[in-house]
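*Asks:* Got a predicted structure plus its sequence, pasted below:
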Amino acid sequence: MSLAAEVLDACKARGLMLATAESCTGGMVAAALTDIPGSSAVVERGFVTYTNRAKEEMLGVRALTLEEHGAVSEEVAREMAEGALSRSAADLSIAITGIAGPGGSEFKPEGRVCFARAMTGRETRVETVEFGALGRANVRAAARDHALELLLDAARA
């Protein structure tokens, strides 16, 4: 069984609806989930917020947070996940923002991805993973899979 199918089964078993808020993955988490028949019982909606403006308008990320921390930060990921939860009928959300490459900087290298998971009645969990300069496609795939693992952990907890 695929990781996405496991997420759907675990959410279904608990009656959880989920939402995604994706930047560097461009909707890959939502696509992995909705590739599976019956996913509409679990996937409430997905937000692809590639620009800062989209993050502000669609998810309510504060301009000050973006200015002070940059789009690739745990602070922005937190606001993305919490915004996805508050702007949907979901019980669980995942947010992803990172630098898939090519490029990056000394302070924010290629392969750095920030995640946040928000769930009704629980504290939001944030973390940063340094996938390294694996190449754009590999960083995006690794971020998608990590996000699915975070959703699975929450749905099983």
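*Replies:* Thanks, I have the structure now. If you're wondering where the values come from, they're calculated on a predicted model, not measured in any experiment. Numbers count the residues shown, from 1 in each chain.

*Asks:* can you pull out the strands in the protein?
*Replies:* Using DSSP state E, the strands found in the chain span residues 18-22, 43-48, 92-98, 112-119, 125-130.

*Asks:* right, so of those strands, which gets closest to Leu8?
*Replies:* With Cβ to Cβ as the criterion, Leu8 lies closest to strand 43-48 of these, at 7.9 Å. Every C-beta, even on glycine, is put in place using the N, C-alpha and C of the backbone.

*Asks:* For the residue of the chain positioned farthest from its centre, report the pLDDT, please.
*Replies:* Largest separation from the mean C-alpha position in the chain: Glu106, at 24.0 Å (Cα atoms, centre = their mean). Residue-level confidence at Glu106 comes out at 82, pLDDT.

*Asks:* residue nearest the centroid of this structure?
*Replies:* With distances taken as Cα atoms, centre = their mean, the residue of the chain nearest its centroid is Ala95 (2.4 Å).

*Asks:* residue contacts, Arg78?
*Replies:* Residues near Arg78 by Cβ atoms under 8 Å, 6 or more residues apart in numbering: 95, 116, 118, 124, 126.

*Asks:* would you turn these into JSON lines with pLDDT?
*Replies:* Listed next are these as JSON lines, based on pLDDT from 0 to 100:
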{"residue": "Ala95", "pLDDT": "98"}
{"residue": "Ala116", "pLDDT": "98"}
{"residue": "Ala118", "pLDDT": "98"}
{"residue": "Thr124", "pLDDT": "98"}
{"residue": "Val126", "pLDDT": "98"}
